[in-house]
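A.B. asks: This is the structure alone, sequence omitted:
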């Protein structure tokens with residue numbers, strides 16, 4: 001009987017050991033399986049990320065290619081401008097778009113091998129039209145500024161220009177300092193660099209904005225505002241067309257106010273291929289002097305039209 005009890009006890013111990021050993025094996029297998037699963041998950045994530053990067057790069061290249069292909073397929077380059085800013089962009093006696101910027105736009109279209117289509121719109125609507133893809137390029141004597149660079153890309157510059165303060169004849173020596181303009185209204189075209197110059201550089205004056213320069217010129221002539229700010233070329237054209245009613249004030253702008261600016265085309269942000277195409281044309285026409293020649297022609301034409 002004792003032997004029987006001893007054998008039963010030993011069997012129980014052996015069975016328990018086997019159970020414990022079995023549980024231990026299960027735990028080890030479970031841990032090994034968990035490690036394998038973790039490795040598989042990591043490998044799967046790496047593979048997915050790699051595929052996503054390849055797809056994104058391919059999509060980007062395809063998208064970039066499609067932008068130029070779209071222009072070529074349409075057979076035209078759509079350019080947004082505001083044709084009331086002689087000598088850069090305006091209309092001749094037959095309502096044709098003319099000016100040195102229009103000539104530049106034609107050179108860009110020719111380089112791509114397509115026709116040029118001009119869309120005339122308000123100046124402050126051009127950049128939104130470029131960013132939305134409504135037009136391919138904006139050409140309207142744009143001055144490069146940090147604020148604009150946040151939403152669009154600039155081409156190479158094709159001209160450097162200073163600013164004019166244009167006043168009513170007889171007031172050229174009245175408004176010669178910022179102090180003399182304290183409390184006065186200063187005009188600028190809405191959405192332009194000149195508007196920012198007045199807003200930031202003349203805190204004690206009141207910014208007066210209108211959409212068109214001819215309307216601003218009338219406000220100055222009628223004595224409703226002290227003067228208006230325009231860049232040199234446009235300012236000279238405004239003065240010339242006023243028939244002696246407007247003059248350049250003996251006023252010097254501070255350099256920190258953005259008195260000197262460059263003229264650039266505006267292009268949809270990130271469209272590096274289009275920027276390169278435009279820059280190639282601009283660099284060529286600036287280097288060979290043909291843009292300056294067209295600028296001078298536009299100045300003469302604007303003068304004959306009284307613009």
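C.D. replies: Received, thanks. Not measured: the values here are computed from a predicted model.
A.B. asks: what's the helix or strand residue 167 falls within packed up against?
C.D. replies: According to DSSP states H and E, residue 167 maps onto strand 163-168. Helices and strands touching strand 163-168, by 3 or more C-beta pairs under 8 Å, 6 or more residues apart in numbering; DSSP states H and E, are helix 213-221, strand 227-231, helix 232-241, strand 246-248. From N, CA and C alone the C-beta is placed, and that goes for glycine too.
A.B. asks: For the second one, what does the pLDDT average out to?
C.D. replies: It refers to strand 227-231. For strand 227-231, mean pLDDT is 94.
A.B. asks: So for residue 179, which of the helices and strands packed on strand 163-168 sits nearest?
C.D. replies: Nearest of the helices and strands packed on strand 163-168 to residue 179, taken as C-beta to C-beta: strand 227-231 at 14.6 Å.
A.B. asks: So, low pLDDT: which residues of the chain?
C.D. replies: 1-68 (pLDDT under 70).
A.B. asks: And the strands in it?
C.D. replies: Remark: strands assigned in the chain by DSSP state E are 76-81, 90-91, 97-98, 115-120, 137-143, 152-154, 159-161, 163-168, 185-189, 206-210, 227-231, 246-248, 261-268.
A.B. asks: what comes up buried for the first one?
C.D. replies: Buried residues in strand 76-81, counting neighbours by 16 or more other C-beta atoms under 10 Å, are found at 77-81.
A.B. asks: got it, and the longest one?
C.D. replies: Judged by neighbour count using 16+ other C-beta under 10 Å, the buried positions of strand 261-268 are 261, 263-268.
A.B. asks: Quickly run through the sheet partners of that strand, with directions.
C.D. replies: Strand 261-268 sits in its sheet next to strand 137-143 (antiparallel), strand 152-154 (antiparallel), strand 159-161 (antiparallel), going by DSSP bridges.
A.B. asks: any idea which of these is most buried?
C.D. replies: Most buried of the strands paired with strand 261-268 by mean neighbour count (mean count of other C-beta atoms under 10 Å) is strand 137-143; its value is a mean of 26.
A.B. asks: which residues sit against the strand holding residue 167?
C.D. replies: With contacts defined as C-beta atoms under 8 Å, 6 or more residues apart in numbering, strand 163-168 is touched by 174-175, 186, 194, 197, 217, 220-221, 223, 226-232, 235-236, 238-239, 245-249, 251, 253, 258-261.
A.B. asks: Drop the exposed ones from the residues you listed and show what's left.
C.D. replies: Applying 16+ other C-beta under 10 Å to the contacts of strand 163-168 flags 174-175, 186, 194, 197, 217, 220, 226-231, 235-236, 238-239, 246-249, 251, 253, 258-259, 261 as buried.
A.B. asks: all helices for the chain, in order.
C.D. replies: 2-74, 100-112, 126-132, 146-149, 193-201, 213-221, 232-241, 272-287, 290-304 (DSSP state H).
A.B. asks: quick check: angle from the last one to helix 272-287?
C.D. replies: Using axes from the mean of the first three to the mean of the last three C-alpha atoms, to 10 degrees, the inter-axis angle of helix 290-304 relative to helix 272-287 is 80 degrees.
A.B. asks: on contacts alone, who are the packing partners of helix 290-304?
C.D. replies: helix 100-112, helix 232-241, helix 272-287.
A.B. asks: Please spell out which residues along the longest one are buried.
C.D. replies: Read it as helix 272-287. For helix 272-287, by 16+ other C-beta under 10 Å, it's 274-275, 277-279, 281-282, 285-286.
A.B. asks: Got the domain ranges for this protein?
C.D. replies: Split into domains by automatic domain parsing, the chain comes to 1-74, 76-159+263-304, 163-257.
A.B. asks: hmm, back to that, how about the helices and strands packed on helix 290-304 in CSV, adding distance to residue 211?
C.D. replies: Shown next, in CSV, are the helices and strands packed on helix 290-304 (distance: least, C-beta to C-beta, whole Å):
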stretch, distance to residue 211
helix 100-112, 18
helix 232-241, 15
helix 272-287, 26
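A.B. asks: Between the ones you listed, which one is closest to residue 294.
C.D. replies: helix 100-112 (4.5 Å).
A.B. asks: What angle do strand 76-81 and that closest one make with each other?
C.D. replies: Using the same axes, to 10 degrees: helix 100-112 against strand 76-81 is 160 degrees.
A.B. asks: For helix 100-112, what is the distance to the chain centroid?
C.D. replies: 19 Å (C-alpha atoms, centre = their mean, to the nearest Å).
A.B. asks: Then stretch 240-255?
C.D. replies: For stretch 240-255, the distance to the chain centre is 30 Å (C-alpha atoms, centre = their mean).
A.B. asks: do you know how far residue 260 is from residue 296?
C.D. replies: Counting by C-beta to C-beta, to the nearest Å, the separation of residue 260 from residue 296 is 21 Å.
A.B. asks: And residue 207, by the same measure?
C.D. replies: 33 Å.
A.B. asks: Those two: which is more packed in?
C.D. replies: It is residue 207, of residue 207 and residue 296, that has more neighbours when counted by other C-beta atoms under 10 Å, with 18 against 12.
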